[in-house]
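This is the structure alone, sequence omitted:
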């Protein structure tokens, strides 16, 4: 094994991050104000947003609530969630926002969340898989999964599958239900090791994060394929928010934190800017009935070539079903 092996994932991630940051800077320096789309009202529609109490998720929730949507924030901090609910209610003058506890690091908690949600007997028109952890030290979830893979990917995999029936019942020919999953440009440098999904052989927080984001793209594409085959009125798309100035970076090194503090205002997107593509994927009429897209800056773009490998998509899906304990033919 090369001495550079542990460093390569970090170098790849920082390389892609620098490319994205430069692109964001050039876009910001272009003359003229960015066009802000106007979306139709969503009165009567229901959405779930994981990690909606802060960062990109918070601004996504607030915008959807302003459109008249009933939004449920799924998060792992009761106090933080309730505080966010009160804040959004005050800012939007809309009472259609609530918090339900859901710890994506726990399969038991996810199942309890779904049970609680279904007991409300309400439809579900939009599911936004937004929550994530990044560059955490090597550690396991409650169920023994590597944390990036367990929270970012497997948690959302299980949550989505358990909510699929409700989504399918809520979607119609004229108004499809939508599944929006946040990935990252780091998926372009991710490597999926089906024989070591828990990154146990050679742990790298950068490599584990990139793998989880690649897994989300593969999952979303295969999910939309299955939904299409079944002729369900549900679509699945992937969102890349860009490099956004949130507390997701709390595990980076102190020198990197210093650079972020000094340059973030110029180089990084604000959380509100980062939420724009999630909102576009959730409510834009342009995406009615359209799925299997990778969306960046409210535009369709190309993901990693490997992510279109249907055999890899299928194999990851099958392995994921085994890990979370659901039937492979759940659809």
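On my side now, so go ahead. Because the structure is predicted, anything quoted here is derived from the model rather than measured.

give me every residue that touches residue 36.
The contact partners of residue 36, taken as Cβ atoms under 8 Å, 6 or more residues apart in numbering, number zero. The C-beta positions use only the backbone N, C-alpha and C, and glycine is treated the same way.

Show residues contacting stretch 318-331.
107, 145, 153-154, 157-158, 161-162, 164, 194, 197, 219, 226-227, 230, 232, 317.

From these, which land in helices?
Among these, the members falling in helices (DSSP state H) are 107, 157-158, 161-162, 164, 219, 226-227, 317.

Please look at residue 128 and residue 279 and confirm they touch.
No. The criterion here is Cβ atoms under 8 Å, and residue 128 misses it with residue 279 at 9.2 Å.

Show me how far stretch 128-136 is from its chain's centre.
Relative to its chain's centre, stretch 128-136 lies at 7 Å (Cα atoms, centre = their mean, to the nearest Å).

and that stretch, how far apart are its ends?
Start and end residues of stretch 128-136 are separated by 23 Å (Cα to Cα, to the nearest Å).

Contacts for it, please.
Contacts of stretch 128-136 (Cβ under 8 Å, 6+ apart): 47-52, 56-57, 60, 74-75, 104, 147-148, 151-152, 155-156, 159-160, 179-182, 205-206, 209, 212, 216, 248-249, 251-252, 278, 282.

if we go to 6 Å?
With Cβ atoms under 6 Å, 6 or more residues apart in numbering as the test, stretch 128-136 has contacts from 49-51, 57, 104, 147, 151-152, 156, 180-182, 205, 209, 248, 251, 278.

Repeat that for stretch 47-64.
By Cβ under 6 Å, 6+ apart, stretch 47-64 touches 69, 71-75, 80-81, 84, 88, 126-131, 241, 246, 271-272, 274-275, 278-279.

ok, the nearest residue to residue 186 once chain neighbours are set aside - how many residues close by?
Sequence neighbours aside, residue 210 is the residue nearest to residue 186 in space, at 4.3 Å (criterion: Cβ to Cβ, 6 or more residues apart in numbering). Residues near residue 210, counting by other Cβ atoms under 10 Å, number 26.

after the helix or strand where residue 48 lies comes which helix or strand?
For residue 48, the host element (DSSP states H and E) is strand 46-50. Using DSSP H and E, the next helix or strand after strand 46-50 towards the C-terminus is helix 55-66.

I'd like the mean pLDDT over that next one, please.
The pLDDT scores in helix 55-66 average 98.

For the stretch 51-200 of the chain, give me the ranges with low pLDDT.
Nowhere does the stretch 51-200 of the chain drop to pLDDT under 70.

Strands of that one, start to end?
70-75, 97-101, 126-129, 177-182 (DSSP state E, counting those that start in this stretch).

Mind putting those strands into JSON lines with mean neighbour count and distance to residue 114?
Below are the strands of the stretch 51-200 of the chain laid out as JSON lines (neighbours: other Cβ atoms under 10 Å; distance: least, Cβ to Cβ, whole Å):
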{"stretch": "strand 70-75", "mean neighbour count": "26", "distance to residue 114": "10"}
{"stretch": "strand 97-101", "mean neighbour count": "19", "distance to residue 114": "10"}
{"stretch": "strand 126-129", "mean neighbour count": "28", "distance to residue 114": "11"}
{"stretch": "strand 177-182", "mean neighbour count": "27", "distance to residue 114": "14"}
